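Chemist: Have a look at this fold, sequence not included:
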């Protein structure tokens, strides 16, 4: 088993972190810009794509997945894959729904036909005879 001292520790420069910070700020501005545009159904897809890329930058740079062992990268990737599967399934469920609004006569009373005969009053049930002793 390899000891911790055999692994080289990477220390990024301040300029590297500033560059990543600026990239995250540009992507945040892109998210705000996309939110103010009307792209129809693509608004959600574009916003999630930008957010996913920002999450990738944070994981890759700040969580140092670029220098992590393969098993750690696999664990991070599996979380992202299962999140993608969940989002795809939610999107399919939402897209498969056909009634996204109230049906035409929802909550309205039906019109009363004025020419229909009035309902006859039903007679009360007769009293049961008293039991004989």
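Modeler: It's in. A quick note: this is a predicted structure, and the numbers were derived from the prediction, not measured.
Chemist: quick one, helices of this structure?
Modeler: 14-36, 42-57, 70-96 (DSSP state H).
Chemist: ok, residue 77 - how many residues close by?
Modeler: 12 (other C-beta atoms under 10 Å). The way it works is simple: take the backbone N, C-alpha and C, and place the C-beta from them, glycine included.
Chemist: Roughly how far does residue 115 sit from residue 129?
Modeler: 42 Å (C-beta to C-beta, to the nearest Å).
Chemist: I should have written residue 32 there, sorry.
Modeler: For residue 32 relative to residue 129 (C-beta to C-beta), the value is 84 Å.
Chemist: mind listing what residue 47 touches?
Modeler: Residue 47 makes contact with 31, 34, 35, according to C-beta atoms under 8 Å, 6 or more residues apart in numbering.
Chemist: Show the model's pLDDT score for residue 38.
Modeler: You'll see residue 38 listed with a pLDDT of 86.
Chemist: got it, and residue 98?
Modeler: The model's pLDDT for residue 98 equals 66.
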